[in-house]
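Engineer: here is a sequence together with a model predicted from it:
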Amino acid sequence: MTGITQSLSQSIGPNMPSWHAQIQRIPRHAHVWLSSCALTLVAVITVLISQPGLLMAQQEGEVTVADIRIEGNQTIPESIILQKIQAQPQRPISERLIREDIRSMMSTRWFFSVKERLDDTPEGLILVYTVHEKPIVQRVEFQGNKKVKLKHLKAWTGLKVGSPFDARANNEAVFRIEREYKDKGYYFAKVTLLKGGHSGDREVVFQITEGPKVQVKDRTFEGNEFWSNGDLRKNLISKEAFLIFGGMYNPDTIPADIEALKQYYRSVGFFDVEVTGKPLFSKDRSDVNLHFVVTEGLRYKVREIRYEGNATIATNRLKSDSQLHNGDDYSAYPLAKDVRRMLEYYGEKGHFFATVTPVPHFIEQPGIVDLVFEIDEDRPRYVRDINIAYEGDHPHTKQTVALDRLQIQPGDLADPRIINRGRSRLNGSQLFEPGIGFEFEPIEPGQSGFSTDSRTYRAQGPPSGPADFTQEFSIATQRSAVQSAGEDYQWLTRRDAAAGGPVAEPDAEAPADHGEPRTHLPPVPDTRTAIGIRAGDGAKQQTKPARPRYQREAAPLATPPAADHNVAHPVYESELMGFRTVTPSRFFSFEPVAFQASQNIDAEEPVVRAQGPDDVPERTDAILDGSPFQGQFREVQPGWLDINVNAAEGRTGRLMFGAGVNSNSGLVGSFVWDESNFDILRPPTTLADIIEGRAWRGGGQRFRIEAAPGNQVSRYAVSWTDPYFLYTDYSLGVSGFYFNRFYPDWTEDRYGGRVSVGKQFTPEWSGSLALRLEDVEMRNPQTPTPASVQPYIGSNFLSTLRTSVTHDTRDSSMMPTEGHYFDAGYEQAFADFTFPKVEVDARQYFTMYNRPDGTGRHVLTVAGNLGVSGNDTPTFERYFAGGFQSFRGFAYRGVTPREQGFTTGGSFQALGTVEYRMPVTADDMINVVAFSDFGTVDDSVSLAKFRTSVGFGFRVVIPAMGPVPLAFDFAFPVLAQEDDQKRIFSFYVGINR
């Protein structure tokens, strides 16, 4: 590169001092000639000034070359090499550009070396690259490959005839081929480089010994007594093959499997558990059995539970409704429930950053542990600012769409339960990409108060929480003991190291007597500072942005210092996910795991409550006057909490296809177009609005078009819903539909519309009011047609107004295990038909048994449905029972009054169900049910024609087919009426994508 630098310097010219010295030595008789030269120089300078790019190029060490040439190439065409460089003829070049070109050519591995030079020729400067080519591959051969095609081997190696020969790359290809084979399940595959490993070779030959494709056929256990084989299998990372699919053997998963098993045991108190594992191959090595040997050891019991650091809430209150008691076996499942319950107590008082840290203390006696709940109450806090930021240059979603779903507004008490509920509703809205960012900034007293000009809106959302609270809880409990060491840990280690000598147990600190909870306190002081400071300006300079901590991070082992309420609180994390443990090192040589006790969230819960866009109160507003929380904080001044939300707009328009078949409705298809971020007030104004997706979008409303054709029933509908109509607490829905059904005794067509208004009073209580307008046509009746049905044959106009109230505490809408559902409604028909309808639906779920990790729940369900309608109710609005959704053991609409064999329906319905469900697999994917259905449908309020059936069935959950479980039931009528239609088998199968 030195030569090219000198050439560039010479091409630009000498420096000015050298020119001046030479001019002084010129004779006087040449001055006239110099004057002419000076004029020429002035002209040249003028041209250079008029060409600032050229002048700048020369000042920066650049020159323009007339041509670029390649020398030394023997097999690679010059045109191919020139494609790898950036320098071009008649364009400025620099040393940096030449270095990049050399680097680019060397990266091709075509050359041993590349050198450059700049030749000054009559045509101008010529840039010459001299290359020293590597030898060329003359032949590539793969021997022994039978299971992998040649094209895949060539793609893995990149070798072909005519490519540069590189012995090092050929050796690397050996490992690449072996890795690819093992990824495909050929664990014993070996590759040998027969030719191509030396610089003098010109042929590349690989010898491949593929071996068998190894699949995991079984996973067996030895020594386990507490957990069944199925319980242990569901925690393994290694999976078994299903027929010829999946189950590829990977030896790297065995250590992870061992850790997972230890974690699972330790989550229920087996802290001394030991697990080993090894693969057992079949004779032909195509199958492998992963065999694990478990030494369970003692299960630890909790001797004593203490509480330290609680001042706001009395110890008796913290102990109330405890799941884990003195003398119980240690288990992370009830322990997590207790910690969550205590945090809810503090959350109700606004202690957003309160932490409850369960610290186990192991004593000399084997199998015994003391549990201390270390509590840092922090301070009560109020919400100050809620800041919403959408990613992207031109987001189309309104800010109120996110704010309406948070259920909080500035000035509200910072209750984590309410905030997490809004967070869950925002995540479950499907309006934004997964991973919405939440930052919680603690603002200490005196830092800053409310903004005078920022606008923040109020919003709300559904129940929420970590996806798997208990698992996170147990992992964090035990991980921290490995990461750091405190005094108790050191003491226990010394105890273990002692040669059998007794070691005195350290004195445990007695819990402080905090007396009664402080409930009668003076009003909350206004800690806001001087007027004129924008919201968050002071705080954001003094505090870190906080993030919701659901990631698995551990807190330090050492006992935390007392809370300092005069400094900014650290970044927020749910302390349930990172508490400390004190334990001997032999107990936690690696991270344990918790059992799978998930908190289910019903993503389909209706969203009906909203708030208007009111200004944030100014500093002069007495926002806390009259607060129901006055007088609850005597010594600790309340702080503030800023909530920052960062979201990326998601793809809210979805086109879905599905199919279902059941014993009631036959085969039904489903075609749905759904837009969940619709805006009815944003029509397109330009073509760009349509192309860029801004038209009709951004308002958080829902627009849905559905077509469900079937062989027995068909339905077509268009609906629009605004969950926060006019920024109020009410939802508004409008829909139009067409419905067709082939009943046994007639064909029915319905078309019409529905307008509904709803409100979510609390997370459990909701109400609705709906107006229904329909045209109902009964046609093709069976003959003879009863006189009571004859007036309704043909077209009928139906108009009704229905009001209802619902209370729902279920933990899941699909397969609930606890809680109840209650719905009571009154419907009044008017105009052409006048009749009342009263309906009550109630279901209660009881968990009768579950494994120590909370899974494997046995659920008892008791359900009832009661309906009464007026005597003038038309046939098409009367009650019919039978089928898998109402009365198993009888055909669809097989339980009903009849006239001359014609189903006429009843004005009274009373149905009940008792069902017991239990899982038969460790992963709870397959359940069996035993049930009894009973009740009647009659023309009058009477139980004279009572029916009952008993049966059993299966519930199969297949995630790939959607959230609704497949249902297969066999029911046998025990008590029936003479004209009832019976059906032993009923089922439901659905696929939704």
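Structural biologist: Right, received. Where do you want to start?

Engineer: can you tell me the closest non-neighbouring residue to L193?
Structural biologist: Leaving aside its sequence neighbours, L193 sits nearest to V174 (Cβ to Cβ, 6 or more residues apart in numbering; 5.2 Å). Where you see a C-beta, it was placed from the backbone N, CA and C, and this is true even at glycine.

Engineer: point me to the helix or strand that includes that neighbour.
Structural biologist: In the assignment (DSSP states H and E), V174 maps to helix 167-183.

Engineer: also N865?
Structural biologist: Per DSSP H and E, N865 falls inside strand 858-869.

Engineer: ok, that strand: who's next to it in the sheet?
Structural biologist: Strand pairing for strand 858-869, determined by DSSP bridges: strand 836-849 (antiparallel), strand 908-919 (antiparallel).

Engineer: so what touches the following helix or strand past it?
Structural biologist: From strand 858-869 onward toward the C-terminus, using DSSP H and E, the following helix or strand is strand 889-890. With contact meaning Cβ atoms under 8 Å, 6 or more residues apart in numbering, strand 889-890 is reached by 881-883, 933, 947, 949-951, 971-973, 976, 980-984.

Engineer: so where is this protein shaky, pLDDT-wise?
Structural biologist: Residues of the chain that meet the criterion pLDDT under 70 lie in 1-61, 448-635, 990-993.

Engineer: that one - how does it break down into domains?
Structural biologist: What the record gives for the chain is the domain set 2-133, 139-209, 215-295, 300-650, 804-992, from automatic domain parsing.

Engineer: tell me which element the spatially most central residue of the chain falls in.
Structural biologist: Nearest to the mean C-alpha position of the chain, by Cα atoms, centre = their mean, lies P434 at 6.0 Å. Applying DSSP H and E as the criterion places P434 outside every helix and strand.

Engineer: nearest residue to it other than its sequence neighbours?
Structural biologist: Among residues not flanking P434 along the chain, N427 sits closest, at 7.5 Å (Cβ to Cβ, 6+ apart).

Engineer: coming back round to it: from what I can see the residue nearest to the centre of the chain touches G428, true?
Structural biologist: No - with contact defined as Cβ atoms under 8 Å, P434 and G428 do not form a contacting pair (10.6 Å).

Engineer: before we move on, the earlier item: give me the distance from the strand holding N865 to the chain's centre.
Structural biologist: Chain-centre distance of strand 858-869: 34 Å, with Cα atoms, centre = their mean, to the nearest Å.

Engineer: can you pull the alpha-carbon coordinates of it into PDB?
Structural biologist: Below are the C-alpha coordinates for strand 858-869, written out as PDB (Å, rounded to 0.1, in the frame of the first residue of the first chain):
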ATOM      1  CA  HIS A 858     -60.200 -33.900  39.900                       C
ATOM      2  CA  VAL A 859     -63.200 -31.600  39.400                       C
ATOM      3  CA  LEU A 860     -66.800 -32.000  40.500                       C
ATOM      4  CA  THR A 861     -69.200 -29.900  38.500                       C
ATOM      5  CA  VAL A 862     -72.800 -29.200  39.600                       C
ATOM      6  CA  ALA A 863     -74.900 -27.300  37.100                       C
ATOM      7  CA  GLY A 864     -78.500 -26.300  36.600                       C
ATOM      8  CA  ASN A 865     -80.600 -24.500  34.100                       C
ATOM      9  CA  LEU A 866     -84.100 -23.100  34.700                       C
ATOM     10  CA  GLY A 867     -86.300 -21.500  32.100                       C
ATOM     11  CA  VAL A 868     -89.900 -20.300  32.200                       C
ATOM     12  CA  SER A 869     -91.800 -18.600  29.300                       C
END
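
Engineer: export the strands paired with strand 858-869 as CSV, with columns for mean neighbour count and distance to G753.
Structural biologist: Putting those into CSV (neighbours: other Cβ atoms under 10 Å; distance: least, Cβ to Cβ, whole Å) gives the following:
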stretch, mean neighbour count, distance to G753
strand 836-849, 16, 19
strand 908-919, 19, 27
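
Engineer: in CSV: the ones you listed, plus distance to R772.
Structural biologist: Output for the strands paired with strand 858-869, formatted as CSV (distance: least, Cβ to Cβ, whole Å):
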stretch, distance to R772
strand 836-849, 11
strand 908-919, 19
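
Engineer: what is the neighbour count of the residue nearest to P434?
Structural biologist: With neighbours defined by other Cβ atoms under 10 Å, the count for N427 comes to 21.

Engineer: I'd say it and I436 touch.
Structural biologist: Yes - under the criterion of Cβ under 8 Å, N427 makes contact with I436 at 5.8 Å.

Engineer: give me the residues contacting stretch 144-160.
Structural biologist: By Cβ under 8 Å, 6+ apart, the list of residues contacting stretch 144-160 from outside reads 137, 140, 142, 170, 173, 176-177, 180-181, 184, 186, 204, 206-210, 213.
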